[in-house]
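Visitor: coords below, sequence missing:
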């Protein structure tokens, strides 16, 4: 179960799963769906999804085809479908993907405050 939760823990993997939900797609198609991700990164995400049992892979020549294992997911399948149908969930996914593209926010540097010395004058 922890592999399943880890696999669904990132917005990019949830989006890949959504893309292969309705029909089988090649790794290249999935890569092209994300303009800002390397092929290697997509491949790693697919491996995690496969190890969690969320997708199956078949080879045909040099291509690999991925498809969601909808029947094996049971109640989780209905939850995923309802999440993808929701416009609010779609907006949240887009925001998460945008945040992932930007990376972590840089830390703000502490402001140097200039201390004034009080001098007493006679």
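Guide: That came through, no problem. Computed from a predicted structure; not experimentally measured. Numbering: from 1, shown residues only.
Visitor: what's the neighbour count on residue 61?
Guide: 5 (other C-beta atoms under 10 Å). All C-beta atoms are positioned from the backbone trio N, CA, C, and that covers glycine.
Visitor: now residue 55
Guide: When neighbours are counted by other C-beta under 10 Å, residue 55 registers 24.
Visitor: pull the residues that contact stretch 23-40.
Guide: If you take C-beta atoms under 8 Å, 6 or more residues apart in numbering as the criterion, stretch 23-40 is touched by 12, 15-16, 19-20, 42-43, 46, 63-67, 101.
Visitor: swap in 6 Å and give it another go.
Guide: Contact with stretch 23-40 is made by 16, 19, 42, 63-67, 101, as judged by C-beta atoms under 6 Å, 6 or more residues apart in numbering.
Visitor: give me the buried positions along that stretch.
Guide: 25, 27, 29-31, 34, 37 (16 or more other C-beta atoms under 10 Å).
Visitor: among the residues you listed, name the ones in helices.
Guide: If you go by DSSP state H, these have 27, 29-31 in helices.
Visitor: got the buried residues for the helix or strand that contains residue 42?
Guide: For residue 42, the host element (DSSP states H and E) is helix 39-51. By 16+ other C-beta under 10 Å, the buried positions in helix 39-51 come out as 42, 45-46, 48-50.
Visitor: mind checking how far residue 40 is from residue 16?
Guide: To residue 16, residue 40 is 14 Å away according to C-beta to C-beta, to the nearest Å.
Visitor: still on that earlier bit, downstream of the helix holding residue 42, the next helix or strand is which one?
Guide: Immediately after helix 39-51, counting by DSSP H and E, sits strand 55-60.
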